[in-house]
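Visitor: what's the 3D shape of this:
(one chain, ligands or ions: 1)
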Amino acid sequence: MFQPNGSVPTDAGRAGSPRDILRRAGSVPPKAGFPTFEELMAGFADLQARHPDAVQVRRLGMSRAGRPIDMYSIGSGRLSHLVVGGVHPNEPIGSWTALHLAEQLLCDQDLHDGLDARWNIIPCVDPDGYKLNEGWLANPHDRGHYARHFFRPSGNEQVEWTFPFHYKKASFDAMLPETRALRDGIDGVGPDLYVALHNSEMGGVYYYLSREEPALYPMLHEIPRQLGIPLNEGEPEAGFLKAYAPAIFADGTLEDAYDWAEALGIEPHPPGSGGDSSGSYARRNHGSLCLIAELPYWRTSQVSDTSVVEETYAAVLARTGQQMADLTEVLQTAASGGAEVMDWTGQLARNALVFVGMMHGAAQTTLARAAQSEANRPATAAERFGCEDTVRMFRLRYGGMMLRALESAPNPCPALQAVTARMSDQYEQWQVEAAAADQSEPIAIEALVGVQYGATLAAASHLAGRLV
Ligand SMILES: [Zn+2]
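Guide: Below you'll find the predicted structure:
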């Protein structure tokens with residue numbers, strides 16, 4: 001175990017020891033912004049060119065727009081791991097994590113030999129979605145700029161959530177070409193450890209694991225602490241999620257999510273929903289340990305403030321649920337205004353449209369939770385912040401996507417120009433409100449990469465029996 005009192009463990013230096021992993025997590029070189037898709041692929045191609053005998057490349061498929069989805073494999077051992085970037089193409093911290101992991105495996109023999117594993121890395125599994133985020137990647141720390149150029153696919157176009165799912169009235173089989181490529185990667189590797197490289201936006205670090213692994217928790221807490229990033233001890237992302245430990249959650253199942261929504265009296269699988277997650281597929285078919293390290297771009301102590309506030313949790317949910325309902329109405333008005341005069345089939349526009357319904361669902365869920373008897377208790381400051389910032393995030397993200405979609409129409413008629421101008425004014429107001437409420441500070445990208453990288457090594461070392 002890691003020794004927080006600073007005494008030197010006897011295992012100092014051995015690859016995969018707690019001390020070694022903390023050193024590696026803290027040694028990621030400075031990064032300015034995130035790479036474009038072409039820069040990321042050039043980085044991997046360069047590694048492959050410099051180490052042709054040590055790196056194997058396999059093309060898993062092509063994206064819908066014809067971009068390659070490749071998997072790079074390095075090392076050998078009893079264990080096989082799979083690390084995947086771009087599962088949500090708006091979450092690029094993992095692009096550096098993937099590249100840094102590959103570089104280190106190739107230049108550091110101790111690491112290469114030390115974890116008894118063959119590592120398989122897919123740098124970016126959704127290149128088309130990643131391309132639609134490239135407007136902000138060079139300047140990720142300005143939240144307004146980020147949101148204005150942000151793109152996230154709706155549920156049925158997310159590689160992460162488009163694995164087959166059949167449960168009660170839900171049925172989803174429409175795997176994307178990118179999802180089939182990922183499935184083939186998972187089936188080819190049969191991962192012992194499966195790491196989908198996600199990240200969040202605001203607050204602190206939290207994790208998902210597919211099973212309880214208590215021996216891993218001290219490292220998952222210690223790595224961000226060492227790098228000065230708080231744990232997120234506020235709201236879990238969904239009400240049905242179970243915590244194994246502070247900021248470490250069971251990744252849950254979609255069946256649980258369905259039953260939970262059904263019990264709340266809301267539509268459990270509305271139009272635009274996808275299917276099961278890649279992690280669920282890996283766990284069910286290969287028994288993988290799945291790890292997700294969710295990391296924010298901005299840090300604020302508000303996410304760790306467990307003091308009790310005067311407002312009840314029910315009141316916080318009711319207030320923010322209503323704000324989501326208001327957001328839905330604004331988006332719906334904009335979509336209706338452009339309905340007749342715009343082409344909604346392009347990737348940006350059709351996804352912006354689906355989020356109108358998704359925001360309606362989020363509002364309904366939040367309002368339904370507000371009406372539950374267990375919500376009638378004092379809220380903590382962290383919970384209140386989490387709920388309020390979710391509203392800000394939804395406004396900036398999906399308002400931004402709607403505005404970009406409207407603006408992308410070629411030769412807009414006067415009616416569409418008027419709709420776009422109204423949406424632009426509203427969006428400007430949301431930007432001002434979000435900026436006024438903002439007490440956060442940006443986190444150095446190398447620290448974020450360090451946490452994701454360190455958590456991945458810790459899980460791999462744990463499976464190899466070397467995290468002791
Ligand atoms: Zn994600």
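
Visitor: C-alpha from now on. contacts and neighbour counts both.
Guide: Fine.

Visitor: out of all residues in the chain, which is the farthest from the middle?
Guide: residue 414 (38.5 Å; C-alpha atoms, centre = their mean).

Visitor: and the gap between it and residue 330?
Guide: 19 Å (C-alpha to C-alpha, to the nearest Å).

Visitor: go on, residue 177?
Guide: Distance, residue 177 to residue 330, using C-alpha to C-alpha: 33 Å.

Visitor: now what about the lowest-mean-pLDDT helix or strand in the chain, what contacts it?
Guide: Within the chain, no helix or strand scores below strand 202-203, which has a mean of 86 by mean pLDDT, DSSP states H and E. For strand 202-203, the surrounding residues in contact (C-alpha atoms under 8 Å, 6 or more residues apart in numbering) are 230, 232, 296-303, 440.

Visitor: for the ion, what are the nearby residues on this protein?
Guide: 88, 198 (C-alpha under 5 Å from the ion).

Visitor: surely residue 94 forms part of a helix?
Guide: Yes - per DSSP: H, G, I helix; E, B strand; the rest coil, residue 94 lies within a helix segment.

Visitor: so what's it up against?
Guide: So, once contact is read as C-alpha under 8 Å, 6+ apart, residue 94 ends up touching 84-86, 197-199, 449, 452.

Visitor: which of the residues you listed fall within strands?
Guide: Members of the contacts of residue 94 lying in strands (criterion: DSSP state E): residue 84.

Visitor: and the contacts of residue 94, which is closest to residue 107?
Guide: residue 449 (18.0 Å; C-alpha to C-alpha).

Visitor: so the closest one sits against residue 91, correct?
Guide: No - between residue 449 and residue 91 there is no contact, the gap being 11.9 Å when judged by C-alpha atoms under 8 Å.

Visitor: looking at those two, which is more packed in?
Guide: Counted by other C-alpha atoms under 10 Å, residue 449 and residue 91 do not tie: residue 449 has more neighbours, with 28 against 23.

Visitor: walk me through the domains of this protein.
Guide: Following automatic domain parsing, the chain resolves into domains at 18-300+443-463, 308-439.

Visitor: quick one: which of the contacts of strand 202-203 sit in strands?
Guide: 298-299.

Visitor: buried only: go through the contacts of strand 202-203 for me.
Guide: Among the contacts of strand 202-203, those buried by neighbour count (16 or more other C-alpha atoms under 10 Å) are 230, 232, 296-303.

Visitor: any low-confidence regions in this structure?
Guide: Low-confidence segments of the chain, defined by pLDDT under 70: 1-13, 234-235.

Visitor: ok so residue 368 is a helix residue?
Guide: Yes - applying three-state DSSP, one finds residue 368 inside a helix.

Visitor: got the contact list for it?
Guide: 264-266 are the contacts of residue 368 under C-alpha under 8 Å, 6+ apart.

Visitor: with the residues you listed in mind, which one is nearest to the ion?
Guide: Set against the ion, the nearest of those by C-alpha to the ion is residue 266 (23.3 Å).

Visitor: identify the residues contacting the closest residue to residue 324 other than its chain neighbours.
Guide: Using C-alpha to C-alpha, 6 or more residues apart in numbering and skipping residues adjacent in sequence, the residue nearest residue 324 is residue 363, 5.0 Å away. Under the criterion of C-alpha under 8 Å, 6+ apart, the neighbours of residue 363 are 321-325.

Visitor: now with 6 Å?
Guide: 321, 324-325 (C-alpha atoms under 6 Å, 6 or more residues apart in numbering).

Visitor: what would those residues look like in TSV with neighbour count and secondary structure?
Guide: Formatted as TSV, those follow (neighbours: other C-alpha atoms under 10 Å; DSSP: H, G, I helix; E, B strand; the rest coil):
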residue	neighbour count	secondary structure
321	26	helix
324	25	helix
325	20	helix
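
Visitor: the strands in the stretch 201-350 of the chain, which residues?
Guide: Ranges of strands in the stretch 201-350 of the chain, per DSSP state E, counting those that start in this stretch, are 202-203, 206-209, 243-245, 248-250, 289-294, 298-299, 308-312.

Visitor: in a markdown table: those, plus distance to residue 105.
Guide: Formatted as a markdown table, the strands of the stretch 201-350 of the chain follow (distance: least, C-alpha to C-alpha, whole Å):
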| stretch | distance to residue 105 |
| --- | --- |
| strand 202-203 | 31 |
| strand 206-209 | 24 |
| strand 243-245 | 30 |
| strand 248-250 | 27 |
| strand 289-294 | 20 |
| strand 298-299 | 29 |
| strand 308-312 | 46 |
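
Visitor: out of those strands, which is closest to residue 429?
Guide: Smallest distance to residue 429 across the strands of the stretch 201-350 of the chain (C-alpha to C-alpha): 19.9 Å, for strand 202-203.

Visitor: and the closest one, which strands flank it?
Guide: Sheet pairing of strand 202-203 (DSSP bridges) gives strand 298-299 (parallel).

Visitor: in the stretch 151-300 of the chain, what residue is nearest the ion?
Guide: residue 198 (4.2 Å).

Visitor: that older thread, would you show me how to pick out the buried ones of the contacts of residue 368 in PyMOL?
Guide: Listed next is the PyMOL selection for buried residues among the contacts of residue 368, using 16+ other C-alpha under 10 Å:
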select buried, resi 264+266
